[in-house]
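> Structure for the following, please:
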Amino acid sequence: MISIKDAVDQLANREQTAREALTAYRQAIEQTQHHVFPLFPRAAQAQQPVVRKILQDVAATPQAVAGSAGRWAEAVATFAACAQAAQARDLAMLRELLSLLAQAADDSSGLSQNSAAGFEHLGKNLEQLSTAPDLETLRDGLTQHMGRLRQFVAQVLADQERATSRLVTEVAQFEGRVAELETLASTDSLTGIANRRSFEASLAMAIASGQKLSLLLYDLDEFKSINDRLGHEAGDQVLTHFAHVLRDEIRADDVAARIGGDEFVALLYCPLEGALRRSKQILGRLERRHEVTCNGRSLFVPIRVSVGVVEHLAGESAASLLRRADEAMYAVKGHRAAALR
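As a prediction, the model looks like this:
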């Protein structure tokens, strides 16, 4: 017969487990709300009240976790669909803008005074848009100017006026600025692979798609000692070399990213078995020493990494997947340290 003390202890353990699960669930929602939703504010706008209501319900009644899971999954799926639609609309708008300007430049001739003034005004608008600090500002500007741009191009084409070479230059500069903003928003400046923000967005969309996913989480062992002994320039070369190895060893539709100082991830669209094989291939390429330049001298530096390999579980959040990968990676690092003692 179970004692009263044992019964109380069991109840306390169950309550502790429930509290930990509730905390993890809330953290997963909050991380998505703070790090993924801001990538597409308009797509997230309709979901924010739902997310706030879920968090309020869970905070008030822990038993609401089960009932809120379906609402949370639906909110994430709706956000992902809206974000993809927003990307498609942005791309279509940019293509239309460049097509209209190119058409106006090719087909028009004999600018009237009004059209010449309109061209000058349009050029200034494009120049201002090309200095947009981020993609969201650029999208807002495009939305505001597209209607007037269509009317102006229609007028220019109707009058058979020719655009000046200055407008052609402005179009080229504008197109280059769009490409630059896209790159800055998603790329790690040192290594050239995806940055944390881009990776988190890719992971959220991949999970929402329901595809088979695995994650490789890497940490460079003793990287601090390389910086301390050889300097940060040598350390940057090591990071760049590892990033290139990681990118070269995964498929084109997989994602390689640098998410911290010496932390890298690879998001693979395959089950665990394939991810383990790919991880062995990557480690095989790192077994030799890598040449770096330090103070004008060439040195050979060994690159050693610890890696956690995990497969996404059905219904698992991005935060949980990353946490399990991190735990697996540190377990490998701990075993390696113990073996060297």
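
> Flag the shaky bits of the stretch 101-250 of the chain, pLDDT-wise.
For the stretch 101-250 of the chain, applying pLDDT under 70 flags the ranges 101-120, 122-123, 126-127, 129-139, 142-172, 174-176, 178-184.

> quick one: residue 77 from residue 208, how far?
Using CB to CB, to the nearest Å, residue 77 is found at 5 Å from residue 208. All C-beta atoms are positioned from the backbone trio N, CA, C, and that covers glycine.

> higher neighbour count, the two?
More neighbours surround residue 208 than the other of residue 77 and residue 208, with 18 against 15 (other CB atoms under 10 Å).

> is it fair to say the more buried one lies in a helix?
Yes. Counting by DSSP: H, G, I helix; E, B strand; the rest coil, residue 208 is found in a helix.

> Now for the nearest residue to it once chain neighbours are set aside, how many residues are close by?
Nearest non-adjacent residue to residue 208, counting by CB to CB, 6 or more residues apart in numbering: residue 80, 4.0 Å away. By the criterion of other CB under 10 Å, residue 80 has 20 neighbours.

> How about the backbone phi and psi for residue 80?
Residue 80 adopts backbone torsions of phi -60, psi -40, taken as degrees, to the nearest 10.

> contacting residues for it?
Listed by CB atoms under 8 Å, 6 or more residues apart in numbering, the contact set of residue 80 reads 204, 205, 208, 209.

> please redo it, this time with the cut-off set to 7 Å
By CB atoms under 7 Å, 6 or more residues apart in numbering, the residues touching residue 80 are 204, 205, 208.

> Any chance of CSV for the residues you listed, columns distance to residue 321?
Below are the contacts of residue 80 laid out as CSV (distance: CB to CB, whole Å):
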residue, distance to residue 321
204, 11
205, 14
208, 13
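
> Show me the domain layout of this structure.
4-85, 108-186, 201-340 (automatic domain parsing).

> before we move on, the earlier item: from the contacts of residue 80, which is closest to residue 319?
Nearest to residue 319 among those is residue 204, at 10.5 Å by CB to CB.

> how close does that closest one get to residue 251?
From residue 204 to residue 251 the distance is 20 Å (CB to CB).

> Give me the more crowded residue out of those two.
residue 204 (22 against 11).

> Skipping adjacent residues, who's closest to residue 76 in space?
Closest to residue 76 by CB to CB, 6+ apart is residue 208, at 5.6 Å.

> right, and that neighbour touches residue 78 too?
No. Here residue 208 lies out of contact with residue 78, judged by CB atoms under 7 Å, at a distance of 9.3 Å.

> what's the neighbour count on residue 264?
Applying other CB under 10 Å, we find 27 residues neighbouring residue 264.

> Tell me if it really is in a strand.
Yes. Under three-state DSSP, residue 264 sits within a strand.
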